[in-house]
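[1] Here's my sequence, what's the structure:
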Amino acid sequence: MTPIMLELLGRSIWETLVMTMASGVISLVVGLPLGLAMVATGKGGIAEQRWINSILGALINGFRSVPFIILLVALIPLTRLIVGTALGTTAAIVPLAIAAIPYYARIAEVSLRDVDHGLIDAVRAMGGNRWTIVREVLVPEALPGLVAGFTVTLITLIGASAMAGAIGAGGLGDLAIRYGYQRFETSVMVAVVAVLIVIVCVMQWAGDRLVARLDHR
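    Next up is the predicted model:
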């Protein structure tokens, strides 16, 4: 690869990491409370409200059922409204985050539902309120699963960010399409695939190590 292509590859790696981490943080900040709300308002939850649970579940399922490439195009007006453009790395964060929020919310819900109800009952018996149960029982006990789920979400976002390159979002996907595919430069395509594999492996390794440190079972 030429020095120019190496420079483009380095910039594309940075853009991919920015898109992935920014949308990942948004999915965590919004998706975790959604998962908590699903567990709390569900049957036998600490704030049981079945109608709220049904509405939240329908919204989450609705967004999860839309293929990302369709969501990417459908959200172009919203993306323009928020960031002023539908092209580039910053613009891609909007659809990536909206796609990742319901995905992580469901993962968080599953992890939170696995928490031993005996611990929740014990805190209730000691006079703990709902916030105490969330802060002292639900989140700490589900933390290994939450971290593992967040790792899976980040890896999924890497693939989605590459797909976003199809409409000019930048990053490794854009580089692979513009140079590897349209200009038939096989070396660029091979380099992009290799870098994506390395990024995924490193993220999975880091996530697994963190989960192992947090899991005291």
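
[2] pull the CA atoms of stretch 53-60 into CSV?
    Presented in CSV, the C-alpha positions along stretch 53-60 are these (Å, rounded to 0.1, in the frame of the first residue of the first chain):
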residue,chain,number,x,y,z
ASN,A,53,-44.1,-2.4,30.0
SER,A,54,-46.2,-3.3,27.0
ILE,A,55,-45.6,0.1,25.4
LEU,A,56,-41.9,0.1,26.0
GLY,A,57,-41.6,-3.5,24.7
ALA,A,58,-43.5,-2.6,21.5
LEU,A,59,-41.2,0.4,20.8
ILE,A,60,-38.1,-1.6,21.5
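
[3] remind me which residues of the chain are low pLDDT?
    1-2, 4-5, 168, 180-184, 216-217 (pLDDT under 70).

[4] need the helices for this protein, in chain order.
    With DSSP state H, the ranges of helices along the chain come out as 3-41, 50-64, 68-74, 76-83, 89-113, 117-125, 130-133, 139-164, 171-175, 186-214.

[5] Would you mark the buried spots in the first one?
    Buried residues in helix 3-41, defined by neighbour count with 16 or more other C-beta atoms under 10 Å: 8-9, 12-13, 15-16, 18-20, 22-24, 26-28, 30-32, 34-41. Using the backbone N, CA and C atoms, a C-beta is placed for each residue, glycine as well.

[6] Kindly report the same for the second one.
    Along helix 50-64, these residues count as buried under the neighbour rule (16+ other C-beta under 10 Å): 53, 56-57, 60, 63.

[7] what's that helix in contact with?
    Residues outside helix 50-64 that contact it (C-beta atoms under 8 Å, 6 or more residues apart in numbering) are 34, 37-38, 41-43, 45, 71, 98-99, 101-103, 105-106.

[8] Mind doing that once more with 6 Å?
    37-38, 41-42, 102, 105 (C-beta atoms under 6 Å, 6 or more residues apart in numbering).

[9] what angle sits between that helix and helix 3-41?
    Helix 50-64 and helix 3-41 are oriented at 160 degrees to each other (axes from the mean of the first three to the mean of the last three C-alpha atoms, to 10 degrees).

[10] okay, now the closest residue to residue 94 other than its chain neighbours: neighbour count?
    Leaving aside its chain neighbours, residue 94 sits nearest to residue 79 (4.5 Å; criterion: C-beta to C-beta, 6 or more residues apart in numbering). Using other C-beta atoms under 10 Å, residue 79 has 22 other residues around it.

[11] returning to what we had before: columns distance to residue 212 on top of the contacts of helix 50-64, output as TSV?
    Formatted as TSV, the contacts of helix 50-64 follow (distance: C-beta to C-beta, whole Å):
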residue	distance to residue 212
37	29
38	27
41	32
42	30
102	28
105	25
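
[12] Got phi/psi on residue 67?
    Here is the backbone geometry of residue 67 (degrees, to the nearest 10): phi -60, psi 140.

[13] For the remainder of this discussion, apply numbering that starts at 133.
    Done: numbering now begins at 133, and the last item shifts to residue 199.

[14] Tell me the spacing between it and residue 206.
    Going from residue 199 to residue 206 by C-beta to C-beta, to the nearest Å gives 10 Å.

[15] quick one, which of the two is more surrounded?
    Applying other C-beta under 10 Å to residue 199 and residue 206 shows that residue 206 carries more neighbours, namely 13 against 9.

[16] ok, now which ones touch the more buried one?
    Contact analysis of residue 206 by C-beta under 6 Å, 6+ apart lists nothing.

[17] so how far is residue 282 from the nearest residue to residue 248 once chain neighbours are set aside?
    In space, and not counting its chain neighbours, residue 248 is closest to residue 273: 7.0 Å by C-beta to C-beta, 6+ apart. Distance from residue 273 to residue 282, counting by C-beta to C-beta: 16 Å.
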